[in-house]
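**Student:** I would like the atomic coordinates for the input below:
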Amino acid sequence: MIELRQVTKTYKGNIHALNGVDLTIGSGMFGLVGPNGAGKTSLMRIVAGLIRPSAGQVSVFGNNLANSKEKQAAKALLGYLPQDLGLYPNLSGREFLDYIAILKGMTDTKLRKQQISQLLEEVRLIDVADRRLKTYSGGMKRRIGIAQALLGNPKLLIVDEPTVGLDPEERVRFRNLLSGMASRCTVILSTHIIEDISHSCNALAVISQGRVVFHGSPRDLVGNARGHIFTIKTQGEQPNHGLIVVSTLQMQDGVQFRVLGNPNGYTDAVQVEPSLEDGYIWLMRQLQGSMTG
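**Tutor:** This is a model prediction of the structure:
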């Protein structure tokens, strides 16, 4: 279990990245979602032991990260894939994994090579394992990143914005790969792509302006928007009256808008079941309303 208690992070220039975060993360796959600049990466880097919080306590599987010895013990249980993983373009995939494994203290050559081959199979890169990394596609580089994070059989896998820039097929493949990992270790997935969360996570937290504004299941977040999502068909004019247009669909007899809000004045509005994205947008709208109200 990972626990954060009143965690704050302030950078130079009085920039507040995190403001009193309380969060408990259990087993399985946990989603961390929020807009860019919300504080997700700072939180992930604190849990990974890469930066210190300005205040508050962090515990990873019972290890207090404020204690140097316990922090090292926690790091030994951790696999981390940052948003921008530095690769060595002239190394092959296999050579890169071997190098990272040695840095992680895997000194038994036979066991190290055995695990590397196993991971290359698991991330479906065994056929290109001896090609140089500079020839890999974006999706292949993300998968070699997951493989390096899994070296040493970590109990916690932290993945920061893993599907940005990937094509739809690679995104699905990557989500399935992470879901498979969640059966053997805790996975924290940070993203601003709601679809990645809806297809893979059994629990999530939404962060906005350095604060946790929602913590629960995807179903709970969807439920918050129930009764507020409608479809409205017009001849092309966009709905107003304070409605948020979520999507637009061109049809033969007009334009169908999926909207969020109260559709007073539209007698043909049809209430529909919300998606996780609808739930997220509704939550953010409520937050904006509370700040301006």
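
**Student:** What residue spans form the domains of this structure?
**Tutor:** Domain ranges of the chain: 1-77+154-216, 87-153, 223-292, per automatic domain parsing.

**Student:** could you dump those to CSV with mean neighbour count and mean pLDDT?
**Tutor:** Every C-beta, even on glycine, is put in place using the N, C-alpha and C of the backbone. As requested, the domains of the chain are arranged in CSV below (neighbours: other C-beta atoms under 10 Å; pLDDT from 0 to 100):
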stretch, mean neighbour count, mean pLDDT
domain 1-77+154-216, 18, 90
domain 87-153, 17, 92
domain 223-292, 15, 87
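
**Student:** which residues of the stretch 51-200 of the chain fall in strands?
**Tutor:** 55-60, 63-64, 78-81, 156-160, 186-191 (DSSP state E, counting those that start in this stretch).

**Student:** Make JSON lines out of those strands and add distance to K71.
**Tutor:** Compiled in JSON lines, these are given as follows (distance: least, C-beta to C-beta, whole Å):
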{"stretch": "strand 55-60", "distance to K71": "9"}
{"stretch": "strand 63-64", "distance to K71": "7"}
{"stretch": "strand 78-81", "distance to K71": "10"}
{"stretch": "strand 156-160", "distance to K71": "13"}
{"stretch": "strand 186-191", "distance to K71": "17"}
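
**Student:** helix, strand or coil for G236?
**Tutor:** coil (DSSP: H, G, I helix; E, B strand; the rest coil).

**Student:** pretty sure it contacts D253?
**Tutor:** No - G236 lies out of contact with D253 (C-beta atoms under 8 Å); the separation is 11.1 Å.

**Student:** related to what we said a few turns ago, any idea which of the strands of the stretch 51-200 of the chain gets closest to H215?
**Tutor:** Nearest to H215, of all the strands of the stretch 51-200 of the chain, is strand 186-191, at 13.3 Å by C-beta to C-beta.

**Student:** In terms of secondary structure, what does the closest one contact?
**Tutor:** Secondary-structure packing of strand 186-191 (3 or more C-beta pairs under 8 Å, 6 or more residues apart in numbering; DSSP states H and E): strand 29-33, helix 40-47, strand 156-160, helix 168-181, helix 194-198.

**Student:** Compare those and give me the one nearest Y136.
**Tutor:** In terms of C-beta to C-beta, the element of the helices and strands packed on strand 186-191 nearest to Y136 is helix 168-181, at 11.8 Å.

**Student:** now the end-to-end length of stretch 17-34.
**Tutor:** One end of stretch 17-34 sits 13 Å from the other (C-alpha to C-alpha, to the nearest Å).

**Student:** roughly how far out does it sit from the chain middle?
**Tutor:** Offset of stretch 17-34 from its chain centre (C-alpha atoms, centre = their mean, to the nearest Å): 10 Å.

**Student:** top helix in this structure by residue count?
**Tutor:** helix 276-292 (DSSP state H).

**Student:** so that one versus strand 29-33, what angle?
**Tutor:** Counting by axes from the mean of the first three to the mean of the last three C-alpha atoms, to 10 degrees, helix 276-292 lies at 40 degrees to strand 29-33.

**Student:** And helix 276-292, how far out from the chain middle?
**Tutor:** How far helix 276-292 lies from its chain's middle: 19 Å, per C-alpha atoms, centre = their mean.

**Student:** Same question for stretch 223-240.
**Tutor:** The chain centre lies 28 Å from the centre of stretch 223-240; the measure is C-alpha atoms, centre = their mean.

**Student:** What separation do you get for the nearest residue to S179 once chain neighbours are set aside and G265?
**Tutor:** Counting by C-beta to C-beta, 6 or more residues apart in numbering, S200 is the residue found nearest to S179 once chain neighbours are left out, at 4.8 Å. Per C-beta to C-beta, to the nearest Å, S200 is found 39 Å from G265.

**Student:** Appreciated, that's everything.
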